[in-house]
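Visitor: Dropping a prediction and its sequence here:
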Amino acid sequence: MSSNSPDERSLVLIKPDAVRRGLVGELLSRFERKGLRIDAMAHRTMDATLADEHYAEHVDKAFYPPLKDFMTGGPLVALVLSGDQVIDVVRGLVGATDGRKAAAGTIRGDLSLSNRENLVHASDSTDSAKREIALWFPELG
């Protein structure tokens, strides 16, 4: 799925729970210590329209309304990270979606006890990264 291009990019959202808990610096530090570059960063909120666009494939699913409420319920930090195989690297750093099952040493494994409030969103493929980056940072598209 991922290319070997050093210019590969991924969208990362530091979710409202991480911002509320004061973990932004910790998470940015982990990405930077890994050698990833921050190409863009914005502290902002996600409105209902952006939530529906970002999570378009989930809008009709039962878990979506509480996810939408959570994601639109406070400020977050949107990032574009770049580096060699950045999508795979970031997903490895972030860990399994369910923080209760994520491996120790990963962001979620170390800092999350929830499936929904799991601190970080990361693009899962080059196609989703392109789509998500265009939504959040249209000036980079």
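Guide: Cool, got the structure.

Visitor: Any stretches of the chain with poor pLDDT?
Guide: Along the chain, the model assigns pLDDT under 70 to residues 1-6, 141.

Visitor: any chance you could map the helices in the chain?
Guide: With DSSP state H as the criterion, the chain has helices at 16-20, 24-33, 48-54, 64-71, 86-94, 107-111, 126-136.

Visitor: Bridging across strands, which residues link to the residue nearest the centre of the chain?
Guide: Nearest to the geometric centre of the chain sits H121, at 2.4 Å (Cα atoms, centre = their mean). Beta-bridge partners for H121, by DSSP bridges, are L13.

Visitor: returning to what we had before: return the most buried member of the helices of the chain.
Guide: helix 86-94 (a mean of 21; mean count of other Cβ atoms under 10 Å). To be clear about C-beta, it is placed using only N, CA and C from the backbone, and glycine gets the same treatment.

Visitor: which other helices and strands contact that helix?
Guide: For helix 86-94, the helices and strands in contact under the criterion 3 or more Cβ pairs under 8 Å, 6 or more residues apart in numbering; DSSP states H and E are strand 9-14, helix 24-33, helix 107-111, strand 120-122.

Visitor: contact partners of stretch 127-138?
Guide: Stretch 127-138 is contacted from outside by 8-11, 13, 40, 42, 50, 53-54, 78, 80, 87, 123, 140-141, using Cβ atoms under 8 Å, 6 or more residues apart in numbering.

Visitor: Out of those residues, who's the most crowded?
Guide: S10 (29 neighbours; other Cβ atoms under 10 Å).

Visitor: which residues touch it?
Guide: S10 makes contact with V80, L81, S82, V86, I87, V90, A122, S123, A129, according to Cβ under 8 Å, 6+ apart.

Visitor: rewinding a little: looking at the contacts of stretch 127-138, point me to the pair that's furthest apart.
Guide: By the measure Cβ to Cβ, E8 and L50 form the most distant pair in the contacts of stretch 127-138, at 23.5 Å.
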